[in-house]
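> Structural data only, the sequence is not supplied:
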Ligand SMILES: Nc1nc2c(c(=O)[nH]1)N=C([C@H](O)[C@H](O)COP(=O)(O)OP(=O)(O)OP(=O)(O)O)CN2
């Protein structure tokens, strides 16, 4: 069975190298909608694949892109310096921030979050099924596990600015993920 949780963020970017001139030459923004789907072979004690509330780290991750500029790490030094100087919230990405790029990157990170989550309510084998990123009402990209073969990066290649990190309620969560620490969930009473 699959479940889906929708997250949103307001983000800005340039997509270098794409066919659309407006898109590749101008900073512009979108109201993104991210659909995170999970699958499992069994239901937990609450007859759920997993409780949506256990996706709190996914919420923090996606909110980190909110009111933020996403900069591809292949941009020129000069451009990256400009972004750093004039934008408190920016994310440096190892992949161009197209809808496809976001879906691949988010799939990679969310997959790690799910794999590092310890479930305590008799959940089955919960795994990430897909991440769909809507850039506009009419355009989206969906990443499945097999699509990760198209790219090569790791968590260390994704960098959140100080302005973003300062707003994290649990400042260590990203470091914990980098260290492969398990996110423990309390057993329901
Ligand atoms: N395959 C992709 N194509 C395009 C992407 C993308 O991420 N993946 N991104 C863009 C631009 O970011 C652009 O701002 C959005 O373009 P588009 O969907 O064409 O948006 P419009 O509002 O102009 O679309 P209409 O439906 O024609 O109003 C471009 N392409």
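That came in fine, so what should we check first? Remember, it's a predicted structure, so these values are computed and weren't measured experimentally. Residues are numbered from 1 along each chain as shown.

> List, one by one, the residues from the protein near the ligand.
Contact residues, the chain versus the ligand (C-beta under 6 Å from any ligand atom): 15, 18, 20, 23, 28, 98-100, 135-136, 138-139. Where C-beta positions appear, they are placed from N, C-alpha and C, glycine not excepted.

> Which strands or helices does the longest helix belonging to the chain pack on?
Counting residues, the longest helix in the chain under DSSP state H turns out to be helix 99-115. Judged by 3 or more C-beta pairs under 8 Å, 6 or more residues apart in numbering; DSSP states H and E, the packing partners of helix 99-115 are strand 28-39, helix 56-63, strand 127-134, strand 140-144, helix 173-178.

> Compute the inter-axis angle for the third one and strand 28-39.
When axes from the mean of the first three to the mean of the last three C-alpha atoms, to 10 degrees is applied, the directions of strand 127-134 and strand 28-39 differ by 160 degrees.

> going forward, begin numbering at 9 instead of 1
I'll keep to 9 as the first residue from here, and by that count the last item is strand 135-142.

> Next, the buried residues of stretch 11-20.
11, 15, 17, 19-20 (16 or more other C-beta atoms under 10 Å).

> re the thing from before, just checking, next helix/strand downstream of the longest helix of the chain?
Next helix or strand after helix 107-123 toward the C-terminus (DSSP states H and E): strand 125-126.

> Worst mean pLDDT across the helices and strands of the chain, which element?
Within the chain, confidence by mean pLDDT, DSSP states H and E is lowest for strand 191-192 among all helices and strands, at a mean of 90.

> Give me the contacts around it.
65, 121, 124-126, 128, 184 (C-beta atoms under 8 Å, 6 or more residues apart in numbering).

> which of the residues you listed sit farthest apart?
Between any two of the contacts of strand 191-192, the greatest separation by C-beta to C-beta is 17.8 Å, found for 128 and 184.

> before we move on, the earlier item: rebuild the buried residues of stretch 11-20 as JSON lines, extending it with pLDDT and secondary structure.
Shown next, in JSON lines, are those (pLDDT from 0 to 100; DSSP: H, G, I helix; E, B strand; the rest coil):
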{"residue": "11", "pLDDT": "98", "secondary structure": "strand"}
{"residue": "15", "pLDDT": "98", "secondary structure": "strand"}
{"residue": "17", "pLDDT": "98", "secondary structure": "strand"}
{"residue": "19", "pLDDT": "98", "secondary structure": "strand"}
{"residue": "20", "pLDDT": "98", "secondary structure": "strand"}
